[in-house]
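J.: Predicted model, plus sequence, below.
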Amino acid sequence: MNLPLFIARRMRFDPLHKGNVSAQIIKIAKIAVALGISMILIAVATGKGLQKEIQKKTVAFNGHLLVAPFENSESWISVLPIANDPAIMEVIKNEEGVTHVQSVALKGGLLKANDQFEGIVMKGVSRDYQWYQLESFLVSGSFPKIGNKTSDEILLSQVIAKRLSVGVGDEVSAYFQNYQNQKLPNVRRFKVVGLFLSGFPDFDENFVLGDLRHIQRINKWKNNEIGGYEVFTTDFNKAISVSSSLYQKLPSDLDVIEINRQYATIFQWISLFDFNILIIIIVMIVVGVINMSTALLVLILERSSMIGLFKSLGVSNNMIQKIFLYNGIAIMSQGLIWGNLVGVLFFLSQKYLGWIRLDPETYYVNVAPVSLNFGDFIWLNLGFLVVSSLLLWIPSLIISNINPARVLRFR
C-alpha cells in the first residue's frame, strides 16, 4: 500500500478539514488553476485557429508552392513566360506529397464600369484549375466556365464589384498595357458571373479570375506559354520539403516559392502568435503555481503538529513531503477538471456558434476561428500538471525545518 497516498486521501476527506482556514485557501487555488488551464486552452485554440484559417485562405488562392521563372518570383505579375512542358508537369506531379498542379498567369490592368476605374490583377487560369478550393468564398453567382474556346467570364471580388457598382450578369471593360503600341491599351470585355469575398484584403482588393488565354493573347505569348505552376501539397508543413526536392529536380531557370515567401509579412505576423501563446502559458502556470504553493504552505503550517508527530515516530521528511504533494496534485487536478470544462465549452460554442467576431481588415477573418485537437488537449494538461507538480516540491521543503519538539510542546 502507498502509505503517503493513503494518508493524503484521509486528510482530504477529514470532516474537520472543511472548517479550517486552509479550506478557503484551497478553493481559491482551485479557481486559479481552473482559470489558468482554461485561458491556456482558449489561447491555443484561437491562436492555432487563426493561423490555420489564414494559411487556408492563402493556399486556396495561390497553392502551397509556385513554380515560376526567377524574374517572376518577387512580383505578382508574370513578367516572363515559361513553356507548359509536359515533362516538367510530370516531374512536379510525381513528387511525393504533391496533390495537384495548375497553370496560371497574372497581369495587371484596369477595370472600368459606370465611369468608375479600379486597378486589378487578373489571374488567368486554365481548365485544370480547382474551383472548389474557392467554394467557401463564393458569395453569389457561379465560377467561370473554362472550356475549349476562350471564355469571357470572370470571377470578381465583392469589394471591387461594390466600388464599380456592378453585380452578377453585368459586363465590364478591362484595359491592359500594350507593349507594341504604348498609346493604345489592349481592351477586353468581360461578363461577371460570380462574386467572391475571402475577407483577405490582398485578394479582395486586387484579384480577378478569368481565362488564361486572354493573358496569352495580350502578352503575345504562344498557346503553350504560361506564367507558372501553382502546386498543392498534402499538408502545409509538407510544402518546405517538397519545395527543396523540386528545386533540385527542375531546370535551373525555375524557382520554387513557398507561400510563406510570397506573403512573408502575413506569415511573420501569424508566427508571433506562437510567442504570445507561450507567454500566456508561462504566466498562467506561474499564477497557478503561486496559488497552489500558498495553499500548500497554509496546509503544511496548519498540520505542523501532525508533521511533528510523524517525525517523532521516525517518518522521513521525504515521505511527509509526498503526503502534501499528493494533496497538492489532487487539488490541482480538481481545478484542471473545471478549467477543461470551461475551455471545451468555449471551443465548442465558438466553433459552432461563432459568437466572437473580428475585424477582417485586421485579422483577415470575420469570426474568430478555433482549432484544438485531442493531442494538444492532452499535452497541455499533462504539461501544466507535471510542471506545476515539480515546482510544488519547493514549498514542501519547509517540512524539513519543522522541529517536532517545538510543534508538540503545547499539545
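T.: Everything's here; your move. Residues are numbered from 1 along each chain as shown.
J.: what ranges do the strands span in the stretch 101-250 of the chain?
T.: Per DSSP state E, counting those that start in this stretch, the stretch 101-250 of the chain carries strands over the ranges 116-125, 138-141, 153-157, 171-176, 186-196, 207-211, 225-226, 228-233.
J.: and Gly147, which of these is closest to it?
T.: With Cβ to Cβ as the criterion, Gly147 lies closest to strand 207-211 of these, at 9.2 Å. Placement of C-beta: from N, CA and C, glycine included.
J.: could the strands of the stretch 101-250 of the chain be laid out in CSV, adding distance to Glu361 and mean pLDDT?
T.: Shown next, in CSV, are the strands of the stretch 101-250 of the chain (distance: least, Cβ to Cβ, whole Å; pLDDT from 0 to 100):
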stretch, distance to Glu361, mean pLDDT
strand 116-125, 18, 92
strand 138-141, 17, 93
strand 153-157, 14, 95
strand 171-176, 25, 92
strand 186-196, 17, 93
strand 207-211, 17, 94
strand 225-226, 33, 92
strand 228-233, 26, 94
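J.: Reformat those strands into a markdown table and put distance to Ser293 and mean neighbour count next to each item.
T.: As requested, the strands of the stretch 101-250 of the chain are exported to a markdown table (distance: least, Cβ to Cβ, whole Å; neighbours: other Cβ atoms under 10 Å):
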| stretch | distance to Ser293 | mean neighbour count |
| --- | --- | --- |
| strand 116-125 | 58 | 20 |
| strand 138-141 | 55 | 15 |
| strand 153-157 | 55 | 24 |
| strand 171-176 | 68 | 18 |
| strand 186-196 | 54 | 19 |
| strand 207-211 | 55 | 24 |
| strand 225-226 | 65 | 22 |
| strand 228-233 | 47 | 25 |
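J.: Make JSON lines from these and add distance to Leu272 to it.
T.: Formatted as JSON lines, the strands of the stretch 101-250 of the chain follow (distance: least, Cβ to Cβ, whole Å):
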{"stretch": "strand 116-125", "distance to Leu272": "28"}
{"stretch": "strand 138-141", "distance to Leu272": "31"}
{"stretch": "strand 153-157", "distance to Leu272": "28"}
{"stretch": "strand 171-176", "distance to Leu272": "38"}
{"stretch": "strand 186-196", "distance to Leu272": "28"}
{"stretch": "strand 207-211", "distance to Leu272": "26"}
{"stretch": "strand 225-226", "distance to Leu272": "36"}
{"stretch": "strand 228-233", "distance to Leu272": "24"}
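J.: is Val256 in a bridge, and if so with what?
T.: Beta-bridge partners of Val256, counted by DSSP bridges, are Val67.
J.: these two touch, right, it and Ser243?
T.: Yes - with contact defined as Cβ atoms under 8 Å, Val256 counts as touching Ser243 (4.7 Å).
J.: Do me a favour and average the pLDDT over stretch 262-278.
T.: Averaged across stretch 262-278, pLDDT comes to 86.
J.: quick one: it to chain centroid distance?
T.: 9 Å (Cα atoms, centre = their mean, to the nearest Å).
J.: swap in stretch 384-392?
T.: 28 Å.
J.: Could you pull out the buried residues of it?
T.: Using 16 or more other Cβ atoms under 10 Å as the test for burial, stretch 384-392 gives 384-385, 387-389, 391-392.
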